[in-house]
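Trainee: Using only what follows, build the 3D model:
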Amino acid sequence: MLELKNEKIAIPVVLFAGILWSFGPLVVRYIDQPELVPWQYLLGRGVTIFLLLNIYLFFEEGIDFYKNYKKIGWSGLLGGTGLGIAMISFIWSITNTSAAVTLLCLAAMPFMTAFLGFLFLHEKISFNVWVAIILASLGIIVIAIGNFSSGTLFGLFFGLASALGFSVFSVSLRWRRDTPKFTTVAIAGLLCAIVSIVILVETDTNLLSSSRNQGLFSVHGTLVCIGLILYSIGSKSIQAAELTLLSLTEVIGGIFWVWLPLLGINEIPSNNTIIGGFLIFIAIIYYSLIIKNNRRFIALN
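Mentor: Coordinates of the predicted model:
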């Protein structure tokens with residue numbers, strides 16, 4: 001697999017991956033009545049992710065790429081399920097609250113991952129990391145208070161569920177490091193597609209939405225895949241601390257795109273969201289400084 005050894009080149013590549021991911025919420029906002037077609041969205045996005053990643057693996061590894069599925073193991077199934085739940089929760093979150101709230105919930109993933117690692121992998125959490133976790137938790141509480149008053153607590157709940165699903169995926173990779181990462185993501189896309197088909201058939205609902213919506217579903221899936229590939233290429237020479245900070249590109253960019261009046265959405269975060277988001281950002285920066293000297297690499301190998 002292609003990888004960049006020069007950190008000065010790798011960092012812009014990973015930054016660009018985050019920028020691509022940041023357009024996801026904007027794409028969702030352009031969907032016609034997304035709250036009415038969540039399962040069609042998950043079906044279209046899931047199929048796109050599954051197909052594109054397998055095509056990429058074919059060109060990367062040749063015809064034997066299918067052998068990755070034989071090596072997936074329980075860790076891959078667990079990670080794929082967690083990631084599938086994260087994808088499902090994402091659409092329910094962003095269609096029931098602001099994009100800022102959903103993205104800030106996702107920004108709390110490093111702390112959820114650290115806590116899950118502590119619970120299930122017996123990884124030690126230092127006092128300073130606990131401080132960062134508590135600070136991020138306070139930020140989420142402030143956001144929750146604002147969502148409770150605005151009646152969008154449902155969206156916040158699914159935003160946290162999405163972050164938890166992504167954290168389960170991350171912990172599964174730590175549990176068994178030789179788990180084929182891209183194959184796990186492909187399984188998550190397939191899981192979303194299968195669950196969506198079952199629900200749509202059971203509820204006697206059309207499998208497809210309008211041509212406009214179907215195109216946007218595929219665009220979002222494509223952004224996810226290209227971002228993952230670029231991330232995997234660039235992240236192998238970047239330490240965990242830098243990657244944690246670089247992940248903010250997706251959050252800040254996603255909030256900015258849906259706010260930018262030029263793009264036609266003009267979604268302004270509430271005061272509680274801004275205050276809570278500030279606390280989460282401080283926690284992430286503090287967390288990154290804590291692990292600055294940790295020569296750990298967290299690439300999608």
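Trainee: Give the residue spans of the protein that score low on pLDDT.
Mentor: Scanning the chain for pLDDT under 70 picks out 1-7, 149-151, 236-237, 239-243, 291-301.
Trainee: residue nearest the centroid of it?
Mentor: Nearest to the mean C-alpha position of the chain, by C-alpha atoms, centre = their mean, lies Phe166 at 6.2 Å.
Trainee: Which helix or strand contains it?
Mentor: helix 153-175 (DSSP states H and E).
Trainee: quick revisit: count the residues that sit near the closest residue to the residue nearest to the centre of the chain other than its chain neighbours.
Mentor: Counting by C-beta to C-beta, 6 or more residues apart in numbering, Ala86 is the residue found nearest to Phe166 once chain neighbours are left out, at 4.6 Å. The C-beta positions use only the backbone N, C-alpha and C, and glycine is treated the same way. Residues within reach of Ala86, counting by other C-beta atoms under 10 Å, total 22.
Trainee: And the next helix or strand past the helix or strand Ala86 falls within?
Mentor: Counting by DSSP H and E, the element that carries Ala86 is helix 73-94. The element immediately downstream of helix 73-94 (helix or strand, assigned by DSSP H and E) is helix 99-107.
Trainee: ok, back up a step: surely the residue nearest to Phe166 touches Ser162?
Mentor: Yes: Ala86 lies in contact with Ser162 (C-beta atoms under 8 Å); the separation is 4.6 Å.
Trainee: got the buried residues for the helix holding Phe166?
Mentor: Residues of helix 153-175 classed as buried: 153, 155-175 (neighbour count, 16 or more other C-beta atoms under 10 Å).
Trainee: just stretch 190-205 next, same as before
Mentor: Buried residues in stretch 190-205, counted by 16+ other C-beta under 10 Å: 190-193, 195-197, 200.
Trainee: contacts for that stretch?
Mentor: With contacts defined as C-beta atoms under 8 Å, 6 or more residues apart in numbering, stretch 190-205 is touched by 39-40, 42-43, 45-47, 49-50, 80-81, 84, 87-88, 206-207.
Trainee: Isn't Phe278 up against Gly139?
Mentor: Yes: counting by C-beta under 8 Å, Gly139 is a contact partner of Phe278 at 7.3 Å.
Trainee: Which element, helix or strand, includes the closest residue in space to Leu153 that isn't next to it in sequence?
Mentor: Closest residue to Leu153 apart from its sequence neighbours, by C-beta to C-beta, 6+ apart: Asn147 at 4.8 Å. When elements are defined using DSSP H and E, Asn147 is found to belong to helix 127-150.
Trainee: Just want the angle from that helix to helix 153-175.
Mentor: 150 degrees (axes from the mean of the first three to the mean of the last three C-alpha atoms, to 10 degrees).
Trainee: Centre of the chain to helix 127-150, how far?
Mentor: 19 Å (C-alpha atoms, centre = their mean, to the nearest Å).
Trainee: again with stretch 123-142
Mentor: Distance of stretch 123-142 from its chain centroid, counting by C-alpha atoms, centre = their mean, is 20 Å.
Trainee: Show me what counts as buried in that stretch.
Mentor: For stretch 123-142, the neighbour count (16+ other C-beta under 10 Å) marks 129, 132-133, 135-140, 142 as buried.
Trainee: could I get those residues as JSON lines with distance to Asn68?
Mentor: Compiled in JSON lines, the buried residues of stretch 123-142 are given as follows (distance: C-beta to C-beta, whole Å):
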{"residue": "Val129", "distance to Asn68": "33"}
{"residue": "Ala132", "distance to Asn68": "35"}
{"residue": "Ile133", "distance to Asn68": "34"}
{"residue": "Leu135", "distance to Asn68": "39"}
{"residue": "Ala136", "distance to Asn68": "34"}
{"residue": "Ser137", "distance to Asn68": "37"}
{"residue": "Leu138", "distance to Asn68": "41"}
{"residue": "Gly139", "distance to Asn68": "38"}
{"residue": "Ile140", "distance to Asn68": "36"}
{"residue": "Val142", "distance to Asn68": "42"}
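Trainee: which one among these gets closest to Thr179?
Mentor: When those are compared for distance to Thr179 (C-beta to C-beta), Val129 wins out at 24.5 Å.
Trainee: The closest one contacts Thr113, correct?
Mentor: No: in this structure, Val129 is not within contact of Thr113 by C-beta under 8 Å, at 11.0 Å.
Trainee: And what about Ala193, helix, strand or coil?
Mentor: For Ala193, the assignment made with DSSP: H, G, I helix; E, B strand; the rest coil gives helix.
Trainee: Report the separation between Ile63 and Tyr56.
Mentor: Using C-beta to C-beta, to the nearest Å, one obtains 14 Å as the distance from Ile63 to Tyr56.
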